[in-house]
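Engineer: Got a sequence here, can you build the structure:
(2 chains)
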Amino acid sequence: MELTVFLTLTTATFFTALAFVARSTRRTIHFLTLQATALGFVELMYYFVYFMEGMHFQALIEFFAAFAEWFSAAVVNPLIIYWGARKIEDIVGGLIKMDDVQDQHVIGTRSAVILMGALTISHLLLGIHTYYLIPKKLEALPFISIMFSISVLIMVSSGNPLKILVGLNMAENALFPLLAKIPLSLIPFMLVLMVLVNIVGVFVVTEAYREYGTLSVSKWRGMD
Amino acid sequence: MYSLLPLLTLIVPFYIGILCLFTHISWFLESFFKKIEKASLIFATTITLLIAVSMVPDVLAGQTLEIPHLSLRVDLTNIAGVLGVVLIFFLTSIYNVKAEKGGRLKPSLYNFFVLLFLVCMLGLLYSHDLFGVFLFVELTIGVSIILVAHAPNRISPEAAFKYLIITAFSALFVLLGVLTIFVLTGNSNILAIVENPDHLLENSRLLLMVVACFVVGLGADIGLVPFHGWAPDVFPASTPIVNGFFCAEPIAFILALYKLVHPFYIIYDSPMILWLMVGVGLASMIFGVLMAYPQADFMRMMAYISIEGFGHMVFTLGLFTPLSFVAGQLYLVNGALMKTGIILSLGSVFITSGTYNMGSLGGLVKKMDKTALVYIICALSLTGIPPLSGFYAKWLIFNAVYDFLLSYGVIASVLALISLIIISMVSFVYLVRSFHRIFLGLLPENLKNACEVHWTMWLPTLVLAAIAILVGIQPNLILGMIRSP
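Structural biologist: I've put the predicted structure just below:
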């Protein structure tokens, strides 16, 4: 694996881990943007250099496709969730500020840190063990796996539906190193679908807030 | 044979859906649309049904209708599923005329999403491209969540959110599997991958991971144990009509799962792949049947009955023998049709009584004789009572399982058969018991004025009951349209 790719993937994994410990919804959304930015960085730079060198139409299209993927993951999707948070603030007439809401994790901080440590070590061991088994084309798989696992932790440990949506997006972004290899013609469809899932998610969360008046998923059940 | 008919069945409902959406944007068309909102849905599903039926003669003659550059194809492996899906949509859209009373979505949006849902189901059945399957899976998830959230009750947002998280997350497993195969082979056409499997054989362990991703990913979308968490909440939270449309979902999803797993079993026939499918199927069967029995809410009971049914289907298809494919698909199509009959009948009961609780019901046979008749016929067919259609499906499943397990010894075969018969008997008991609790016994005071629902609601269900009898007498009506790949 090239050093730049390794560093980028490590940085993205670090941001994913930070999102797990972040308390406020806004901060978690920031880490989503940073994770996606880091993940898209190498690919974007690669296509940019390719375009600058060749200056031909195919390179331009490939650069735009990479840019669209990056823009969707790092800007559009976080903005949709952010817009959802703002909409909920509007529902209560600004009485709640998302920045002030400090969510408590379902699991305690110490347990979370131990869990993260165990997860990182197990993935490191798995990565070393499978180093010669995984084909070169799939060398990013251990990183994908760890980011995916941390995203699952974000989803299961948070009671805030918007944070759960952020976790879902982070899991989706974890597949970015593989997604970059898909045929150009499929990219628009993929992007539209990913944006659609977020819009649907925000729609459902705002409807749920309107119905139950709380952003705690565990409290929704009792209010049925 | 190059044919545009499969594409036409996707385009027609999609464009009519877009037209409905256009009236949502144009305020001046809204009043006009109100007059035709129900009719437009019936029109779209009728045209789609007619186009689907027009494909049957060519397919029965052994032709494969395909559009190679889009990897869409219809042949004897999926035509029964296509007809099943389109028929369910057609009958449910008739039921929709009087049953749909409005919800969170405007009628134009509701129509658009229902028709988009039909497009997704057909696309999943036709597509032989890995990315095509993933795109339709993801789109189905988005659309079905919106349809769940449409229900104007308190529980629907919570159920929709749960459904969204479980299924959208599981779709990522499908994507991971698809991307791994694409990166390894540089190809996404399933048939082309099977023809040139060298790259995959070099990485057989990764192939097992990919198959596990497909089973987890699509298993959660189908509602298989242990990924079924959303199903018992989504059934009572959705409107009866949406539940009716959802009955078509397992046909598309389970055949898509088979389409994704079977080729890799051909390439690398590991027993792990087989036991993964069979294990998940068996767990769903046992869990579903045990959980359905104590339910008081009939829609939750239907959720567990569905899980049990999905278990039967995946268990049988997962044996990967030609007979198991025919038996599994017959059970799949028949099961979906019968479940539609039961759910729409229960929907009529809910619309009349306003409750899902079987404890508050009883004696409705005197007031809703047609609904009661359809319910018992479809329930008996689903449990496999002769001479109804479900009997042949179960009989073929028993044969397929017995034949397959003979290589493991006669005792294994007999034990498996006994287990399957016990599961069928338990499902027979709770379905008959539910009939007794809803339709027989004393009529509660608050239901004294109850009456049979409008003909547009009982007629579609009666058609389904007639299918149960007809296919029971002449099973070749469906069997003739199924051939192992």
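Engineer: Select the longest helix from chain B.
Structural biologist: For chain B, the helix reaching the highest residue count under DSSP state H is reported as helix B:27-60.
Engineer: Go through that helix and flag the buried ones.
Structural biologist: Counting neighbours by 16 or more other Cβ atoms under 10 Å in any protein chain shown, one finds that the buried residues in helix B:27-60 are B:33, B:37-38, B:40-42, B:44-49, B:51-52, B:55-56, B:58-59. In this view, the C-beta of every residue, glycine as well, is placed from N, C-alpha and C.
Engineer: ditto for stretch B:433-447
Structural biologist: Neighbour-count burial for stretch B:433-447 [16+ other Cβ under 10 Å]: B:434-435, B:437-439, B:443-444, B:447.
Engineer: Tell me the first helix or strand C-terminal of the longest helix of chain B.
Structural biologist: Next helix or strand after helix B:27-60 toward the C-terminus (DSSP states H and E): strand B:65-67.
Engineer: still on that earlier bit, helices or strands next to the longest helix of chain B in the packing?
Structural biologist: Helices and strands touching helix B:27-60, by 3 or more Cβ pairs under 8 Å, 6 or more residues apart in numbering or on different chains; DSSP states H and E, are helix B:5-25, strand B:65-67, helix B:79-99, helix B:107-126.
Engineer: Redo these as CSV? Include mean pLDDT, distance to A:Asn169 and mean neighbour count.
Structural biologist: Compiled in CSV, the helices and strands packed on helix B:27-60 are given as follows (pLDDT from 0 to 100; distance: least, Cβ to Cβ, whole Å; neighbours: other Cβ atoms under 10 Å in any protein chain shown):
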stretch, mean pLDDT, distance to A:Asn169, mean neighbour count
helix B:5-25, 88, 27, 19
strand B:65-67, 90, 34, 18
helix B:79-99, 94, 31, 25
helix B:107-126, 93, 22, 25
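Engineer: so which of the ones you listed comes closest to B:His454?
Structural biologist: For the helices and strands packed on helix B:27-60, the distance to B:His454 is smallest for helix B:79-99, at 4.3 Å, taking Cβ to Cβ.
Engineer: send the alpha carbons of the closest one over as CSV?
Structural biologist: Taking Å, rounded to 0.1, in the frame of the first residue of the first chain, the C-alpha atoms of helix B:79-99 are listed here in CSV:
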residue,chain,number,x,y,z
ILE,B,79,-41.6,-15.3,-15.2
ALA,B,80,-43.7,-16.9,-12.4
GLY,B,81,-42.3,-14.3,-10.0
VAL,B,82,-42.9,-11.5,-12.4
LEU,B,83,-46.6,-12.5,-12.8
GLY,B,84,-47.0,-13.0,-9.1
VAL,B,85,-45.7,-9.5,-8.4
VAL,B,86,-47.8,-7.8,-11.0
LEU,B,87,-50.9,-9.6,-10.0
ILE,B,88,-50.4,-8.6,-6.4
PHE,B,89,-50.1,-5.0,-7.4
PHE,B,90,-53.1,-5.1,-9.7
LEU,B,91,-55.4,-6.7,-7.1
THR,B,92,-54.1,-4.5,-4.3
SER,B,93,-54.6,-1.4,-6.4
ILE,B,94,-58.3,-2.4,-6.8
TYR,B,95,-58.5,-2.9,-3.0
ASN,B,96,-56.9,0.6,-2.7
VAL,B,97,-60.0,2.3,-4.2
LYS,B,98,-62.1,2.2,-1.1
ALA,B,99,-59.5,1.2,1.5
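Engineer: got the angle between that helix and helix B:5-25?
Structural biologist: Angle, helix B:79-99 to helix B:5-25, by axes from the mean of the first three to the mean of the last three Cα atoms, to 10 degrees: 20 degrees.
Engineer: packing partners for helix B:79-99?
Structural biologist: Counting by 3+ Cβ pairs under 8 Å, 6+ apart, helix B:79-99 packs on helix B:27-60, helix B:107-126, helix B:240-246, helix B:249-267, helix B:322-353, helix B:455-473.
Engineer: who wins for proximity to A:Met147 among those?
Structural biologist: Comparing the helices and strands packed on helix B:79-99 under Cβ to Cβ, the one sitting nearest is helix B:249-267, at 24.3 Å.
Engineer: quick check: angle from the closest one to helix B:79-99?
Structural biologist: 160 degrees.
Engineer: Okay, now the unreliable bits of chain B?
Structural biologist: B:24, B:26-27 (pLDDT under 70).
Engineer: same thing with chain A?
Structural biologist: For chain A, the ranges with pLDDT under 70 are A:1, A:92-107, A:222-224.
Engineer: For chain A, give the helix that spans the most residues.
Structural biologist: helix A:25-54.
Engineer: what packs against that one?
Structural biologist: By 3+ Cβ pairs under 8 Å, 6+ apart, helix A:25-54 packs against helix A:3-21, helix A:57-71, helix A:77-91, helix A:161-174, helix A:176-179.
Engineer: Residue in chain B with the shortest distance to chain A?
Structural biologist: Nearest residue of chain B to chain A: B:Pro157, at 3.6 Å (Cβ to the nearest Cβ).
Engineer: May I see the buried residues of whichever strand or helix holds that residue?
Structural biologist: Per DSSP H and E: B:Pro157 is located in helix B:156-185. Buried residues in helix B:156-185, defined by neighbour count with 16+ other Cβ under 10 Å: B:156-185.
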